[in-house]
Each structure stands twice: as structure tokens, then as C-alpha cells.
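Enquirer: Provided below for reference: sequence and predicted model.
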Amino acid sequence: MNNIIDGIKASLELKKEIKKEIEKDNLTPSLAVIQVGDNKASEIYVRNKQRACCEVGINFISIKLPDTISEDVIIREIQRLNNDISVNGILVQLPLPNGFDEGKIINEINPLKDVDGLTFPNVGNLVLENECLVSCTPYGVMELLRLYNVELSGKDVCIVGRSNLVGKPLIQLLLQKDATVSICHSKSKNIKDYTKRADVLIVAAGHPNLITKDMVKDGAVVIDVGINKENDSLCGDVAFDEVIKKASLITPVPGGVGPMTVASLLKNVVKAYKIQNRV
Ligand code: NAP
């Protein structure tokens, strides 16, 4: 059906633009990713990032630490990367194993190198509409909406999920586009009352089939951020097969938001390089 948003195609276009920009201006951006422990999903995510960096000409530095190390070792590693002028982006692959203080560790990253947009200054600057590095998944969602010409001004947008990584930054990005934003979470009552009136529905809860067709307005744009594993395959938070019949546009899982998250990370690394080198 032609109402499916093709995140793979969109991400390829973005990557092509990024590669061209790097080659044209002879940029030498580099990204360091710190991974702690051996979470299988994280291994896959880090490999995908490495492959994408390689495709566009970003130098990729992989730092793997065992989960037996102390928080101080991670912090010292971050400080070393902060001081290394050849490193433009630093990313700590989340989630960290139990017992590590993610907030404290992330906030050791120099905000100018914080390509995940999670440090206090980047979050604050996003709220204040100053220049900043924006969290990659929300950035990728906004890019998809832009590439598919989805009008946001004056539209009702409902976000399901209020995480620091996805839901909260999306509120700001959508407000900047003059959307009217409502946000639901696990304590919200009658979620359907909010989702059903949304012109654009963005779901990031981590629950398969949370959104069914009766919860969606006719002709809505539905962006499914969720990634869930069911019977050895991946699915999102939206009951895709039934919601596709009501939506004017819908993202599949996989192949929707996921590839755009990686492409947005590459964009952030190049942006960080340019800010640091005043290009
Ligand atoms: P998270 O930190 O676990 O947050 C989930 C949010 O959903 C929370 O705000 C939670 O509410 C809310 N929620 C949970 N169950 C709900 C329900 N039944 N009804 C309404 N709200 C509910 O997760 P996250 O990091 O934001 O990720 C969300 C999903 O997106 C996951 O499946 C994750 O794998 C996926 N993801 C995908 C990408 C990508 O690139 N495609 C990137 C990041 C995340 P409370 O705040 O009340 O707990």
C-alpha cells in the first residue's frame, strides 16, 4: 500500500546528503561509542551505528568495557574523549547495566560532543529553542514528518510515552512547529480519548498492539517508535495490519523510525564537528 512511510528509503537519502557534505567540505568527523557489558540488543545497535558511520565517512571508535568496572572508570574514559580534539561525538550506549547512574555518567559528556542530546545543557537549550544537539529518535521522527510533508501547524498531535529519550524531546520539537500537543503515559486514563482526536499520533511505549484501530482517527498520520520482540520477530506498539486501513500514513516496524534514528545520529556527529571546528 502506498500509505506506508519508507524509513529505509528516507534514511538512505539522508545518508547520501551527509556523505556528500563530508566529501565536499573534506570534513573528518568521528564518533566514539562506549558500551558497557554485553547486552545483545546493544551489540546490534552499536554494529548498526558502526556500519552507518562507515557508509558516510565518519570515523568510528568503539570502546567496550566490562560490566565489572566502576562508574569512575567510565567517567575517566568520557573525560579522556572530551579532551581528545579528534573525537567529535561521544555516545554511551543505553541502557547501562543495573547499578550504574546513567544520568550522572551521561552528564560527564561535553555537551558539544553529546550527539544523543541527553545532557542538561542540550535538553535545556531544546526547551529554550537555542541551538543544540537533539536526541536522535525524536529528530528522526521530525525528519520523517518533514520528508513526507506532514503539516503540523495547528494540528492535534498525541504522543504516547513520556521518556526523556523520546516523548519529552518530541513535545518541544512539535511545539516549535506550532502543533497542539497532548502526551499520555502509563498513568493516563482513557488514552483513547486523546489518541482518537489526534491528526498525528506518535507512539513510544514499548507495548505491542497498544494502539488498535478504534483508537485512531480516520486519516491520521501514525508514527510507531516502539520496537518489541514477539515470536522471534520485531513489531511496534501499533496493531499495524488494522491501523493501516485507517491511517493516511503509517510507519512500519521494522523499517520506519529505526533507520531514521541512525541517520539522525550521523547528522548530529557532523553538526557537532562543525560546531567544534567553527565550519
Ligand atoms: P521507556 O523509557 O520505557 O518509556 C516508555 C513510556 O511509555 C513511559 O513514559 C511509559 O509511561 C509509557 N507507557 C508504558 N506503557 C504504557 C501504556 N500501557 N500506556 C501508555 N503509556 C505507556 O521507553 P523508551 O526508551 O521511550 O522507548 C519506547 C519504545 O520505543 C520501546 O519499544 C523502545 O524499544 C523503542 N525505541 C525505538 C527507537 C527507534 O529508533 N525506533 C529508539 C528508542 C526507543 P510512564 O512514564 O508512566 O512509565
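Expert: Right, received. Where do you want to start?
Enquirer: Pull out the buried positions in the longest helix belonging to the chain.
Expert: If you go by DSSP state H, the chain has its longest helix at helix 257-277. Neighbour counts using 16 or more other C-beta atoms under 10 Å place 257-273, 276 of helix 257-277 among the buried residues. For the C-beta atoms, the positions are set from N, CA and C on the backbone; glycine is no exception.
Enquirer: just stretch 226-236 next, same as before
Expert: Those would be Gly226, Ile227, Asn228, Cys235, Gly236, for stretch 226-236 by 16+ other C-beta under 10 Å.
Enquirer: Among these, name the ones that also lie close to the ligand.
Expert: Near the ligand, taking C-beta under 6 Å from any ligand atom as the test, the members of these found are Gly226, Ile227, Asn228.
Enquirer: Show the contacting residues for the last one.
Expert: It refers to Asn228. Gly206, His207, Pro208, Leu234, Cys235, Gly236, Asp237 (C-beta atoms under 8 Å, 6 or more residues apart in numbering).
Enquirer: what about 6 Å?
Expert: Pro208, Cys235 (C-beta atoms under 6 Å, 6 or more residues apart in numbering).
Enquirer: Renumber starting at 442 from here on
Expert: Taking 442 as the first residue, the last one we looked at is Asn669.
Enquirer: Pull up the gap between Phe561 and Ile547, please.
Expert: Between Phe561 and Ile547 the computed distance is 9 Å (C-beta to C-beta, to the nearest Å).
Enquirer: Pick out whichever of the two has more residues nearby.
Expert: Ile547 (20 against 12; other C-beta atoms under 10 Å).
Enquirer: Can you report phi and psi for Ala680?
Expert: Dihedral pair for Ala680: phi -70, psi 90, per degrees, to the nearest 10.
Enquirer: Once you drop chain neighbours, what's closest to the residue of the stretch 442-591 of the chain at minimum distance from the ligand?
Expert: Taking C-beta to the nearest ligand atom, the ligand has its nearest neighbour within the stretch 442-591 of the chain at Thr578, 4.0 Å off. The spatial neighbour of Thr578 that comes closest, neighbours along the chain excluded (C-beta to C-beta, 6 or more residues apart in numbering), is Thr702 at 4.6 Å.
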